[in-house]
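S.K.: Turn this into a model:
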Amino acid sequence: MLVAGCSSNPADAPPPTIAPARAADSPPATAGLPGTVFPLPAGARAAVFDTSTRSLVTLGAAAPDRATVTTIAPGGAATPIGLTGGATAMTADGPGRVAVATRGGYFMIDVAARRATRVAVADHDDVDFTAIARRGDGRLVLGSADGTVYTLSSDTAVGASLKIFARVDGLVTQGDTAVVLDRGQTSVTSLNTDGTSAEHALRAGEGATTMAADPNGRVLVADTRGGELLVYGVDPLMLRQRYPVPDAPYGLTASGGKKSGLAWVAQTATNTVVGYDLATGIPVEKVRYRTVQQPNTLAFDDTSGTLYVVSGTGGGVQMIPGAAQ
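M.R.: As a prediction, the model looks like this:
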């Protein structure tokens, strides 16, 4: 026992994990849903709204070696953009641009031109990138399946890396602070600005699954297994609010400013999306809508006040104008 104990280095062992939580298998959608539903047969794993083209951009779930980004105009016209090599995550990257993580690098999508350009990260051809975000200073941050966060110093070069996670399942930024979601550890962790160490790490409920940044500097997390909405501040990383949300909360997005902004949470067990006002210090439900089946992905257009609910199983894209009213 003594020999076994001395030969094992805890620092080299993978972090302890639990089985990651997942969205509930949603029931069939009901008839007469609010708003308009446009077809999207393949479903989606991520979505963002591009303000410059007034388009919703979705990342479809596909085979490991191929994926599709689809741009959807306000009238519902959809244009697919094929990505060779597969894709795992997507982030808005400024007006007219979307960045998509893939093995060995990322794609830059010109939304207006419907064109994808692959960018390789030097000396990381075999890295399975699983998360992507852009910091306020312009530096791109990528996460990987083996639990490493890479902070780039240029479009193609890694400036810093940090391997302390079981897997990087999500990345968001507030300013120059990157926040990591690890579903296996059900944790959120903020990094220092150099990308070389963790500033703060916190447990995120009983089974955190998704994460989103909101316009007021907060980070929203859905605790799907524990049935809660978790709201964090990032300077420093601190749990500010927690609120019970039943029926397997999963999809997240945020809208508006301090007075009109809402945190949107999709309840996958009941095909429902709820808008919560966070301004008073405790989430207050303001609106509730029935949705398409499997509402795993949400996006919001602040200019028009339109909420987009994207089915994860091919049930289409639901567009709800004036959703916050």
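S.K.: CA atoms for contacts and neighbours, from now on please.
M.R.: Fine.
S.K.: which stretches of the stretch 151-300 of the chain form strands?
M.R.: Remark: strands assigned in the stretch 151-300 of the chain by DSSP state E, counting those that start in this stretch are 158-163, 170-174, 177-182, 187-191, 198-203, 208-213, 218-223, 228-234, 237-244, 249-255, 262-267, 272-277, 284-290, 297-301.
S.K.: Could you dump those strands into JSON lines with distance to residue 66, mean pLDDT and mean neighbour count added?
M.R.: Listed next are these as JSON lines, based on distance: least, CA to CA, whole Å; pLDDT from 0 to 100; neighbours: other CA atoms under 10 Å:
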{"stretch": "strand 158-163", "distance to residue 66": "25", "mean pLDDT": "98", "mean neighbour count": "16"}
{"stretch": "strand 170-174", "distance to residue 66": "21", "mean pLDDT": "98", "mean neighbour count": "24"}
{"stretch": "strand 177-182", "distance to residue 66": "25", "mean pLDDT": "98", "mean neighbour count": "26"}
{"stretch": "strand 187-191", "distance to residue 66": "30", "mean pLDDT": "98", "mean neighbour count": "23"}
{"stretch": "strand 198-203", "distance to residue 66": "33", "mean pLDDT": "97", "mean neighbour count": "16"}
{"stretch": "strand 208-213", "distance to residue 66": "23", "mean pLDDT": "98", "mean neighbour count": "25"}
{"stretch": "strand 218-223", "distance to residue 66": "28", "mean pLDDT": "98", "mean neighbour count": "27"}
{"stretch": "strand 228-234", "distance to residue 66": "33", "mean pLDDT": "97", "mean neighbour count": "23"}
{"stretch": "strand 237-244", "distance to residue 66": "36", "mean pLDDT": "97", "mean neighbour count": "16"}
{"stretch": "strand 249-255", "distance to residue 66": "24", "mean pLDDT": "97", "mean neighbour count": "28"}
{"stretch": "strand 262-267", "distance to residue 66": "28", "mean pLDDT": "98", "mean neighbour count": "28"}
{"stretch": "strand 272-277", "distance to residue 66": "30", "mean pLDDT": "97", "mean neighbour count": "22"}
{"stretch": "strand 284-290", "distance to residue 66": "32", "mean pLDDT": "97", "mean neighbour count": "16"}
{"stretch": "strand 297-301", "distance to residue 66": "20", "mean pLDDT": "97", "mean neighbour count": "25"}
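S.K.: could these go into TSV alongside distance to residue 57?
M.R.: Listed next are the strands of the stretch 151-300 of the chain as TSV, based on distance: least, CA to CA, whole Å:
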stretch	distance to residue 57
strand 158-163	27
strand 170-174	18
strand 177-182	23
strand 187-191	26
strand 198-203	31
strand 208-213	16
strand 218-223	21
strand 228-234	25
strand 237-244	30
strand 249-255	14
strand 262-267	18
strand 272-277	20
strand 284-290	22
strand 297-301	9
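S.K.: Nearest to residue 101 among those strands would be which one?
M.R.: Residue 101 lies closest to strand 170-174 among the strands of the stretch 151-300 of the chain, at 11.3 Å (CA to CA).
S.K.: which residues touch the closest one?
M.R.: Strand 170-174 is contacted from outside by 130-136, 141-143, 178-182, 210-213, 217-219, 234, using CA atoms under 8 Å, 6 or more residues apart in numbering.
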